[in-house]
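Let me see the structure of the following:
(one chain, ligands or ions: 1)
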Amino acid sequence: MAKQQHSLRVHWTSYAALQELPLADQQLMQAARKALAKAHAPYSEFRVGAAILLDNGEIVSGANFENAAYTMCLCAERTALATAVSTFPKAKALVMAITVANPHRPATRPGAPCGACRQVLLETELRQQADCRLLLQGESGEVWELASAKDLLPFYFDGSLL
Ligand code: THU
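Prediction:
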């Protein structure tokens, strides 16, 4: 078989400030910021907040929940997604806003979701057969917008081989 080379492009939009985004997106990010204050992060002191806008109009949020047994730490994104699916199982996640705070070294750019959270975001998109737009913000600097979690995890694992 002939050798073939492939490539992928990742698309995202950057905004200089949150105020450049529509009001609904600003409010969702504010909800993520509020959620971040509820993080249980005594070990890393790194706080993450996530807020999801559902297609029923509800906003569901979550924060990271750390554990003295470090590998048990739960990320904000997955905490929020689990809350959404268990509270409103039929609703679709339209947008997720994610924001971070570090008391020792303030985040001057957004923090992207970890690999495990990307995989769970992908499961969400596949399950609902619709993309979930992502908004990422640090404590200062740009806000990044991605139309789909697939932009963060192009070679995702799905159930088609199971
Ligand atoms: N964390 C998240 O909540 N989301 C991510 O996508 C990356 C990391 C949390 C886990 C841990 O509590 C802290 O940030 C430092 O890794």
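
Checking my notes, V120 in a helix, right?
Yes - under the criterion used here (DSSP: H, G, I helix; E, B strand; the rest coil), V120 sits inside a helix.

Can you give me the distance of the residue nearest to it when sequence neighbours are not counted to F155?
With sequence-adjacent residues excluded and distances taken as CB to CB, 6 or more residues apart in numbering, V120 is closest to R78, at 5.2 Å. For every residue, glycine as well, the C-beta is placed using N, CA and C. Relative to F155, R78 is positioned 20 Å away (CB to CB, to the nearest Å).

Does the ligand have contacts with the helix or strand hosting the residue nearest to V120?
Element membership of R78 [criterion: DSSP states H and E] is helix 76-87. Yes - with CB under 6 Å from any ligand atom as the criterion, the ligand is reached by helix 76-87 at 76-77.

Run the chain-centre distance for that helix.
11 Å (CA atoms, centre = their mean, to the nearest Å).

Also stretch 12-26?
In terms of CA atoms, centre = their mean, the gap separating the centre of stretch 12-26 from the centre of its chain is 15 Å.

do stretch 20-36 as well
Remark: stretch 20-36 is offset 13 Å from the chain centroid, using CA atoms, centre = their mean.

Buried residues in that stretch, which are they?
Buried residues in stretch 20-36, counted by 16 or more other CB atoms under 10 Å: 21, 25-26, 28-33, 35-36.

What's the separation between the residue lying closest to H104 once chain neighbours are set aside and N67?
On the basis of CB to CB, 6+ apart, the spatially nearest residue to H104 that is not a chain neighbour turns out to be E45, at 6.8 Å. For E45, the distance to N67 (CB to CB) stands at 14 Å.

what does G138 give?
As for G138, its distance to N67 is 25 Å (criterion: CB to CB).
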